[in-house]
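>>> need a 3D model of the following:
(one chain, ligands or ions: 1)
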Amino acid sequence: MTDTAIAAPPADLVADDPGAGRVVLAGVSKLYAKNWAVKSLDLEIAAGEFISLLGPSGCGKTTTLRMIGGFELPDEGEITIGGTAMGTTPPYRRPVNTVFQSYALFPHMSVAKNVAYGLKYAKVPKADIADRVADALGMVRMQHLASRMPAQLSGGQQQRIALARALVNRPAVLLLDEPMSALDRKLREEMQIELKLLQQQLGTTFVFVTHDQEEAMTMSDRIAVMNGGRIEQIGSPAEVYDRPSSAYVAGFIGQQNFFEGTVTGADSTAVAVQVADGAVHATRGGDVAPGAAAVVAVRPESIAVADGPAPDEPNAVTATLMSVSRLGSYLQVVTITASGQKVMARVPWGVEIPATIGATVTCRWPADAPMVYPA
Ligand SMILES: Nc1ncnc2c1ncn2[C@@H]1O[C@H](COP(=O)(O)OP(=O)(O)OP(=O)(O)O)[C@@H](O)[C@H]1O
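All right, here's what the predicted structure looks like:
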C-alpha cells in the first residue's frame, strides 16, 4: 500500500447501530418524461453490506441511487432506511451521505473546511468538529493536506477528501456514484482495495454505482446487475459470474463466446444444441425446450486450444488460429471457425499454444462449461 493509503478508521466512525444501515426498496419506480428510468424495483440491502449496482449507461443505476439519497422521489413504491419509511424526507434528513463522480468539493474552501462543512451544518460543537475532521482526514491519510485548496490536489487526493467529507457525518449508508471513474487504472485498483477494507472496518452500508464489472467484482458482497430499469440478477460476484441468469448478464460480466443454435435435446440434467460449427452438450441445463432457438455462452478461460482439426464429437470446433496476445498473466487466443464465428480462448501464461498463426486448431471445452439461454 502507498503512504497515502487509507488507515484504520477511528472508533467513533464505526457503525454501532446494527440495523441502521438496512435499506429496502419495495416496488420502486421512477418516470421521466413518459419513460420508466426505474420500474418496479425490489431490493433489500443488509446493514453493513457492500452492494454494487452494475449495468450499462442508462439502465437506471444513478436514478436508483438518487432515490435512496432523496435527490429524486419515486413515482411508485417505498424506500425504507433503518426501518423508517423515507417518503418525501429530503436528502439532508436521511442517514445517508453521497460521494459523487465529480467529488463536488467546494472549490473556495480548504480541505479541512470541506470536511467540516456537514458537521457545521449539523451544529456539532466547534471543539468536536476539529477532532472529527482530524480523525476523518487521518483515516484517508490526508492530514498533511488539511490547509490545501481542492484545485491543489490530484484526482486521487480529491477522491479521498470526498470520502472523508462523506464519512465524517457518520452516515448509516454511503452512496457512491462512480467515484473512481476519473482516476487512472492503477490508482483505481489501489483505491478499490482500500475502499473495501475501509468499508469492512467501518461496517457502514455502501451502495456503489458502476458500469465497470471488474470494479464491482473486486469490491462487492453482492452485485445487482441492472437492465432497462430493472434488476436482472442479484448475487455474489461468484454467483453472477458462474451462474449468470440470462445471456444479458453472461455477456455483461466477464468475457464470453456466444454461439447461436437450435436445441436438439433437453432434460433436467443436460441440453444439446446444434450450432453452426458443431454440437454443444451442456450438463448445466438451461430453460429451453427441443426445437427452440438458443444461445450458448462459453467463457474464454474454459476453452483449450489444440493443434489440428476437431474430431466429430460435441464441445469441440475446428477453427483457424488468428492471433495470440499476452494480456497480463494470460494469453488471449483468437480463432475463427469456418462459419465465421470468432472463438476466444484465455490460457494461463506458460501454457504452450501448439500451433502457428493461420494453422487449423481445435477449440474444446468441458460439458460443464457452457450456459444455455433462450435466444
Ligand atoms: N433528470 C432526468 N430527466 C429525464 N430523463 C432522465 C433524467 N435522469 C435520467 N434520465 C433517464 O433515465 C434513464 C436512466 O438514467 P440513469 O442516469 O439512472 O442511468 P445510469 O444507469 O446511471 O446511466 P449512466 O451510467 O450513464 O449514469 C436514462 O434513460 C436517462 O436518460
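>>> the closest residue to the ligand within the stretch 251-375 of the chain: neighbour count?
The ligand sits closest to residue 252 of the stretch 251-375 of the chain, with a gap of 12.3 Å, by Cβ to the nearest ligand atom. Backbone N, C-alpha and C define where each C-beta goes, glycine included. Each residue near residue 252 was counted by other Cβ atoms under 10 Å, and the total is 22.
>>> surely it and residue 56 touch.
Yes: counting by Cβ atoms under 8 Å, residue 252 does reach residue 56; the two are 7.3 Å apart.
>>> and residue 67, how many residues sit next to it?
24.
>>> give me the element it is part of.
helix 61-69 (DSSP states H and E).
>>> nearest residue to residue 47 other than its sequence neighbours?
Leaving aside its chain neighbours, residue 47 sits nearest to residue 21 (3.8 Å; criterion: Cβ to Cβ, 6 or more residues apart in numbering).
>>> now do the SS call for the one you found.
Following DSSP: H, G, I helix; E, B strand; the rest coil, residue 21 is assigned to coil.
>>> any weak-confidence spans in the stretch 151-300 of the chain?
Applying pLDDT under 70 to the stretch 151-300 of the chain flags the ranges 285.
>>> list the contacts of whichever residue of it sits closest to the ligand.
Distances between the stretch 151-300 of the chain and the ligand by Cβ to the nearest ligand atom are smallest at residue 211, namely 5.2 Å. Each residue near residue 211 by Cβ atoms under 8 Å, 6 or more residues apart in numbering is listed here: 54, 55, 56, 57, 61, 178.
>>> what about 6 Å?
Going by Cβ atoms under 6 Å, 6 or more residues apart in numbering, residue 211 touches residue 56.
>>> quick check: residues of the chain near the ligand?
32, 33, 37, 55, 57, 58, 59, 60, 61, 62, 63, 211 (Cβ under 6 Å from any ligand atom).
>>> so what's the first one scoring on pLDDT?
If I follow you right, that is residue 32. On pLDDT, residue 32 comes in at 95.
>>> grab the nearest non-local neighbour of it.
residue 63 (7.9 Å).
>>> what do you get for the fifth one?
Setting aside the residues directly before and after it, residue 57 is nearest to residue 211 in space (Cβ to Cβ, 6+ apart), at 6.3 Å.
>>> can you report phi and psi for that neighbour?
Dihedral angles of residue 211 (phi, psi; degrees, to the nearest 10) stand at phi -110, psi 10.
>>> tell me the SS of the spatially most central residue of the chain?
In the chain, the C-alpha nearest the mean C-alpha coordinate belongs to residue 216, at 2.4 Å (Cα atoms, centre = their mean). The three-state label for residue 216, taken from three-state DSSP, comes out as helix.
>>> what sits against it?
52, 54, 210, 223.
>>> what's the closest of those to residue 174?
Residue 174 lies nearest to residue 52 out of those, by Cβ to Cβ, at 12.7 Å.
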